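> mind looking at a prediction? Sequence and model below.
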Amino acid sequence: MEDAVRQLLAVRGVRLHESPQSTTTPGFILLGVAERVPEFGEMKGSSVTVWHIPSDILPISRAEIERWCVDVSPGRHWLLSQRELPSDLSSIFPTDSQVVAWGPSKMSVWFGEAILSGDLEVSLPIEYGLKKNSDASSPENKGSEIRRVEAVINLDSWLLQKNLENAITSPVFLEGKIWEVKGEIVSPGGDSERDTWMIIEDPWSPSLSIFEDKEKNYATPNIRVILPPEERWMKREQLISKLPSLLDARRQGELEHRENSVRSIMLEWWKVDLESITIRTIGAVFPAWILNVEGREDVLLHAINGRTYPLP
C-alpha cells in the first residue's frame, strides 16, 4: 500500500524528497518532504512532511498520536492514515505545527476516485480471469483480457444525497462479462453488412447493454474483485435469444419518388442473422464500493447504476 500511496502522490504532482529528519515513531512511516501539497493551499515557505500510517486491526490511539507529536519537529505535516483516528485530533496536535490528517474514509475516497479516473493503474491478478465463466469451446478466449467499465456515479455526491457522508468506503470491483458478437445484419431487400458488437452482461442488475467504450481500458487496479452468485450468469442460449432486441436496427432506406414529386425516405428494419454469428467472452469489471455504515450491514454500491446490493 505504501507504494500505491507514493504513486498516487506523484500523480497529484506531490514530489517527495528525502527528509533530513531521522524520526522513527512506531506505526508512522516517513514518506518524505514535499515543497507543495494541494491540501495546504498555495502557502509558500515551509515544506510539508508526508507520513503514512499503514492499516492495522486496531484504531490508532491517542497515546500513539501524542508520541508522534513529541518525536516530530514543528512545521507542516500531512498524515495519511489507514487506521481510524481519534475524534479529538485538534486538541492533540501541537500549536506550533499545522497538521492535516486523513483517516481511512478519506483515503478510500481518494484511492477510489484515482482508480475510477484511471490515474492509478496496476495489473489485475490472473486468478480473476474468466476460468469459471468463459466459453470453453471458443479458442479465442483469453483469461488475461479484462476490460474496465467506467463509473457513472460520483461517490461524494451519492453519499451526500443519501445522508451517508460518514460512511467508510472501500473501492472494489464487481465481476461482469462482455460478449463479443460478430455476424451479419440483413435488410428487408437482402442486403447484408458484417459487424461486431460488444455486449455487457451485468449479473448484478441483471442487464444487457451495448458496450460503446472505444478507449479499451484493459489495465485494471490490483484491488479486490467480488464475484456474483454463479446462478446469475446468463447462458449462451439465453444471450442468443435476446440478440434481436439488442441488435436489430431501423435504418434509412432508399428515396421514394411519387407522382406529385414529393420524395420520402422509408425506414427499414435491419435484422441480425442469428445463423451467421460467432461469440466469444471477454472479462469485465465494474467499479464499486463497499459501504460500511455504523449500525447497518455492509453493502455494495454499484458505480454504474447507483444501486446497492448485499455482499455475497
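That came through fine.

> which residues does residue 237 contact?
Shown in contact with residue 237 (CB atoms under 8 Å, 6 or more residues apart in numbering): no residues. (Each C-beta comes from the backbone N, C-alpha and C, glycine too.)

> tell me how many other residues crowd residue 194.
Per other CB atoms under 10 Å, the neighbour tally for residue 194 reads 10.

> excluding chain neighbours, give the residue nearest to it in space.
What sits nearest to residue 194 in space, not counting adjacent residues and going by CB to CB, 6 or more residues apart in numbering, is residue 184, at 5.4 Å.

> for stretch 293-300, how far is the first residue from the last?
In stretch 293-300, first residue to last residue: 12 Å (CA to CA, to the nearest Å).

> for the stretch 151-300 of the chain, which spans come out with low pLDDT?
When residues are selected by pLDDT under 70, those of the stretch 151-300 of the chain lie in 214-222, 253-265.

> doesn't residue 272 make contact with the residue nearest to residue 194?
Yes: the criterion here is CB atoms under 8 Å, and residue 184 meets it with residue 272 at 7.4 Å.

> these two: which is more packed in?
Taking neighbours as other CB under 10 Å, residue 184 and residue 272 compare with residue 272 leading, 22 against 17.

> what's across from that one in the sheet?
Taking DSSP bridges, one obtains residue 185 as the residues bridged to residue 272.

> tell me if residue 66 really is in a helix.
Yes: assessed with DSSP: H, G, I helix; E, B strand; the rest coil, residue 66 lies in a helix.

> contacting residues around it?
By CB under 8 Å, 6+ apart, the contact set of residue 66 is residue 92.

> next one: it, what pLDDT does it get?
Looking at residue 66, its pLDDT stands at 91.

> picking up where we left off before, how close does the residue nearest to residue 194 get to residue 236?
Noted for residue 184: a distance of 19 Å to residue 236, by CB to CB, to the nearest Å.
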